[in-house]
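Q: Predicted coordinates and the sequence they were generated for:
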Amino acid sequence: MSPLPDAILEVSGLARLHGPGCGRCVAATGPEAGTNVCTNCGTVVACADIGFELMRGEVLGVIGESGSGKSSLVRLLHGDDTPTRGAVRFRDPAQPDAVVDLLALDARQARRLRNTRFGIVYQNPHLGLNFAVSAGGNIAERLLMSGEKRYARIRSRVAELLSRAEVPASRMDELPGRFSGGMQQRVQIARALATDPALLFLDEMTTGLDVSVQARILDLILELQHQLGVSMIAVTHDLGVIRMLASRTLVMKTGRIVESGLTDQILEDPQHAYTQQLVASAL
Amino acid sequence: MSTAHRSAGYAFGFLDDRAKKELRRAMLKAVSIPGYQVPYASREMPIARGFGTGGLQLTLALIGPADTLKVIDQGADDSVNAVNLRQFIELTCPGTRTTKRTAAATLIQTRHRIPEHPLRADQILVLQVPYPDPLVVVEPSEERRKTMHGEADYARLWVKLYEDMVHFDEITFSHRYPTRIAGHYVIDPSPIPRWDVPKLHRAECLYLFGAGREKKIYAVPPHTDAEPLTFDDVPFRVEDFTDPATGRRRACSRCGATDSFLDEFVDDLGRKTHQCSDTDHCLARLDARATAVAAAFAA
């Protein structure tokens, strides 16, 4: 099956199992079973039967409680982890005729694609940034990975990216450890956007920030999304973030997608019992 | 003296045949994959690790009775590391000749310098290497470094160059300058000064690098590209020997050379003095001058 013309990412049958696996793992786990540990062999099913499409310029929310497999999903899509089975097809808007099967790439090709066409913002800046290198150096790394070797060009691009993320360019040569948590996230965003990626992963990007900083970071993301038209997958357990960012949302529980649809619909009229519980407990 | 050693049970070249075979195989692999660090079982040698055991093992596996060997320590033939290694090879390789003249040598083992005079196709230069992996400054895990080398993923090394430019306005590697070989692997060319790095590029001779403690062998074969890492708009520079007082390039205080790598030292009167680091280069120039003077007197 080829992706829809406007789909940038098509995921089907994606699963990641940690453990020996016994053939009954997927059937023995899931929302009905109420667990993601196989009762037969003890395998942990981080996620299974994951299928969805991401359209060009769309922000897709992924919501669920801790351990529901949201972060596992992002790790699989970003190439930090290898799925047990499934397919991920990527259609780069810059090359709409070429559909790339992400799981068929060798390590070098996958890294190249990840470095140039994807971006990721982690919850913990320590995962996304090197704290021994200046803020500008962290962004320069992405530019260098994509093959930019002109120093003056790197400097001007870093300054431009930081000011777009509302970090004063005058502080580009400071270590990220001297920045506030909100500014560290902004540096991560600037780094993620350095190569004009087609797809951005936001993994619990605003968790742990205070509310006013959260709001400003979300504003920034929305603004950039409108300006650049980059597709995003935003993983969070915060319904407010989903409401603000995502047009469409997947609800995950015990490694499965239990409900998907328009964000407003999911928040106003949740169908699945778990989603109802989730929405009720937040409001 | 050599017979005493032979009677004591040492084979020619000290190493046993199996060790030499393994070393030669590793060297062949290193030449076949320019810049790739080939692991090998570094033998215990009768000198301490860190005193050139890697280079010594390569030399002993390469040398034959027809060879003429030169040993260099920081450009000089008569400093302690060179003297010890040369004597050891003289003892354990009976029949081979040693020389101090670069042009007369077929095999040269060196510590931290490449001779000034370009080497020929029939010469091999063996360099002693303390730290073979240029990525060690940015990645502590060897497993991950191997993946990075395999994928030619050197972005973090470039970030180091970027940070240098930000903080010091220049790249601060004074020696061990990371150099890309044949467009893929980046090597640590051993602690040679920047001055010597361009000599690796498309040379006539074979360069072999041996790290005894770290158990790695790598090579820059003849006519192979060797590009020091730098930015497109920040040209690679070698050491600048301009005297800020006169604005002219400093010369060797013995032979007057203005085209060689100079060592700075303080003379008996407390003055800063500069001299050729490559003693053979210096002596050859002095000899040539003496010959010319003698010829002038004779005429």
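A: Okay, I see it.

Q: And for A:Leu220, the neighbour number?
A: Counted with other C-beta atoms under 10 Å in any protein chain shown, the neighbours of A:Leu220 add up to 17. No exception for glycine: its C-beta is placed from N, CA and C like everyone else's.

Q: actually B:Val83, sorry about that
A: Using other C-beta under 10 Å, B:Val83 has 14 other residues around it.

Q: helices or strands next to the helix or strand hosting it in the packing?
A: Under the assignment given by DSSP states H and E, the secondary-structure element containing B:Val83 is helix B:80-92. Here helix B:80-92 touches helix B:2-7, helix B:53-62, strand B:68-73, strand B:97-98, strand B:107-111, going by 3 or more C-beta pairs under 8 Å, 6 or more residues apart in numbering or on different chains; DSSP states H and E.

Q: what's the following helix or strand after the first one?
A: It stands for helix B:2-7. Sequence-wise, the next helix or strand downstream of helix B:2-7 (DSSP H and E) is helix B:17-32.

Q: Next, the buried residues of that next one.
A: B:19-20, B:22-23, B:26-27, B:29-31 (16 or more other C-beta atoms under 10 Å in any protein chain shown).

Q: Stretch A:240-250 too?
A: When burial is assessed from 16+ other C-beta under 10 Å, stretch A:240-250 yields the following buried residues: A:241-242, A:244-246, A:248-250.

Q: What's the local residue count around the residue in the stretch 1-150 of chain B positioned nearest to chain A?
A: Residue nearest to chain A within the stretch 1-150 of chain B (C-beta to the nearest C-beta): B:Thr147, separated by 7.4 Å. B:Thr147 sits with 14 neighbouring residues when counted by other C-beta under 10 Å.

Q: Same question for B:Pro134.
A: Using other C-beta under 10 Å as the criterion, B:Pro134 is surrounded by 25 other residues.

Q: just A:Ala159 next, same as before
A: In terms of burial, A:Ala159 registers 17 neighbours under the definition other C-beta under 10 Å.

Q: for B:Ala288, same thing?
A: There are 11 residues near B:Ala288, going by other C-beta under 10 Å.

Q: can you check the one 10 residues further on too?
A: B:Ala298 has 6 neighbouring residues, counting by other C-beta under 10 Å.

Q: Local confidence estimate at it?
A: At B:Ala298 the predicted local confidence, pLDDT, stands at 86.

Q: What of B:Val166?
A: The per-residue pLDDT of B:Val166 was computed as 95.

Q: before we move on, what about the one 5 residues further on?
A: Per-residue confidence at B:Ile171 stands at 93 (pLDDT).

Q: was I right about it contacting B:Pro235?
A: No. At 10.3 Å, B:Ile171 does not count as touching B:Pro235 under the criterion of C-beta atoms under 8 Å.

Q: Give me the residue at the spatial middle of chain A.
A: A:Phe201 (2.3 Å; C-alpha atoms, centre = their mean).

Q: so who does that residue touch?
A: In this structure, A:Phe201 makes contact with A:74, A:77-78, A:118-121, A:232-233, A:235, judged by C-beta atoms under 8 Å, 6 or more residues apart in numbering or on different chains.

Q: Can you tell me the element the closest residue to it other than its chain neighbours falls in?
A: With sequence-adjacent residues excluded and distances taken as C-beta to C-beta, 6 or more residues apart in numbering or on different chains, A:Phe201 is closest to A:Ile120, at 4.4 Å. When secondary structure is defined using DSSP H and E, the element that contains A:Ile120 is strand A:118-121.

Q: Who does that strand pair with, and is each partner parallel or antiparallel?
A: In its sheet, strand A:118-121 lies beside strand A:199-203 (parallel), with partners assigned from DSSP bridges.

Q: what helices or strands is whichever helix or strand comes after the strand it pairs with leaning on?
A: On the C-terminal side of strand A:199-203, the nearest following helix or strand under DSSP H and E is helix A:211-228. Contacts defined by 3+ C-beta pairs under 8 Å, 6+ apart place helix A:211-228 against helix A:181-192, helix A:239-245.

Q: For helix A:211-228, the averaged confidence score.
A: Mean pLDDT, computed over helix A:211-228, is 88.

Q: Now do it against helix A:181-192, angle only.
A: Orientation check (axes from the mean of the first three to the mean of the last three C-alpha atoms, to 10 degrees): helix A:211-228 against helix A:181-192 gives 20 degrees.
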